[in-house]
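>>> Next come a sequence and a model predicted from it.
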There are 2 protein chains.
Amino acid sequence: MADGKLVWRALKKRSVDGVKGLVLSVAQDYESGEVLMAAFMDRQAFLKTLDTGRVHYYSTSRRRVWLKGESSGNTQRLKALKVDCDGDALLVFVAQKGGACHDGYRSCFYRKFSGGMLVKAGKRVFDPVEAYKR
Amino acid sequence: MADGKLVWRALKKRSVDGVKGLVLSVAQDYESGEVLMAAFMDRQAFLKTLDTGRVHYYSTSRRRVWLKGESSGNTQRLKALKVDCDGDALLVFVAQKGGACHDGYRSCFYRKFSGGMLVKAGKRVFDPVEAYKR
């Protein structure tokens, strides 16, 4: 964990919606290359991700760290981690169970700007009502 | 442009480092799927991107809109645009000229967390000293 702590220290944190100490984190499917979601990590989420191999984020709305998939079971196993040139963004390569999106899609980016409006461009891979019953 | 304005209005903006009205924007190579960079757009950057077909961002450090590649010539042509479930992040599919990274790499994510530290995992595609002379 010492190494993770050193890397975290070297990152450039941002203040987002009044929450300090966050680093932007983009999750990409390590096999297909599909971008699954974009969120933030704080120090605890980053270290927990490295420690457990399961991706954690910090929710700016709920103001707490959350294990991705803690409600739905659709967890993300950490496969690799990259850092950008400015040290203010992480690219997290993951093995995604089920779908990343709470609306039931594989990727949160299931809406496409087309013909001047947003249209759905993705198939549901799970039933969100069932998944969040637990 | 009216349609872009409506879509922008529907997005959930964040305050980042004290700058209000920003939406997270991830650029992905539309052919290879490589994630090239992560940055922010404000309303002007978003509308200019749609209007010109060249990707613009908002720089929180320089506090202004910038045309990606305005100094280096390494512009990004807009190929497609997706929006995430929460409407607070954009996925921008681009045709990247040269490299996206000001350090001379194709992607800004050229450092990998490996063996407890960050190691370079990418090849330079252009000479940054030459590119930023202009």
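On my side now, so go ahead. Residues are numbered from 1 along each chain as shown, chains lettered A, B, ... in the order given.
>>> Burial check on residue A:35, number of neighbours?
Residue A:35 has 24 neighbours, counted by other CB atoms under 10 Å in any protein chain shown. For glycine as for every other residue, the C-beta is placed from the backbone atoms N, C-alpha and C.
>>> Might one say that it is in contact with residue A:107?
Yes: counting by CB atoms under 8 Å, residue A:35 touches residue A:107, with 6.5 Å between them.
>>> what sits against residue A:4?
A:46, A:47, A:50, A:51, B:116 (CB atoms under 8 Å, 6 or more residues apart in numbering or on different chains).
>>> and what of residue A:92?
With contacts defined as CB under 8 Å, 6+ apart, residue A:92 is in contact with A:25, A:26, A:27, A:28, A:49, A:55, A:76, A:78, A:80, A:81.
>>> Looking at the contacts of residue A:4, spot the one nearest residue B:130.
residue B:116 (34.3 Å; CB to CB).
>>> List the contacts of that closest one.
A:2, A:3, A:4, A:6, A:7.
>>> Mind checking which of the residues you listed are buried?
A:4, A:7 (16 or more other CB atoms under 10 Å in any protein chain shown).
>>> With secondary structure added, can I get the contacts of residue B:116 in TSV?
Output for the contacts of residue B:116, formatted as TSV (DSSP: H, G, I helix; E, B strand; the rest coil):
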residue	secondary structure
A:2	helix
A:3	helix
A:4	helix
A:6	helix
A:7	helix
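>>> Let's have the contacts of residue B:116 in a markdown table, adding pLDDT.
Output for the contacts of residue B:116, formatted as a markdown table (pLDDT from 0 to 100):
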| residue | pLDDT |
| --- | --- |
| A:2 | 56 |
| A:3 | 87 |
| A:4 | 92 |
| A:6 | 93 |
| A:7 | 94 |
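>>> tell me which of the contacts of residue B:116 is nearest to residue A:95?
residue A:4 (19.7 Å).
>>> if we can go back for a sec, and for residue A:35 and residue A:107, which residues touch both?
Counting by CB under 8 Å, 6+ apart, residue A:35 and residue A:107 have no common neighbour.
>>> and the gap between the residue in chain A sticking out farthest from the centre and residue B:4?
The centre of chain A is farthest from one residue, residue A:115, which by CA atoms, centre = their mean lies 29.0 Å away. For residue A:115, the distance to residue B:4 (CB to CB, to the nearest Å) stands at 12 Å.
>>> shared neighbours, those two?
What both residue A:115 and residue B:4 touch, as defined by CB under 8 Å, 6+ apart, is an empty set.
>>> Give me the pLDDT for residue A:32.
With respect to pLDDT, residue A:32 scores 97.
>>> how about the nearest residue to it, chain neighbours excluded?
residue B:33 (7.8 Å; CB to CB, 6 or more residues apart in numbering or on different chains).
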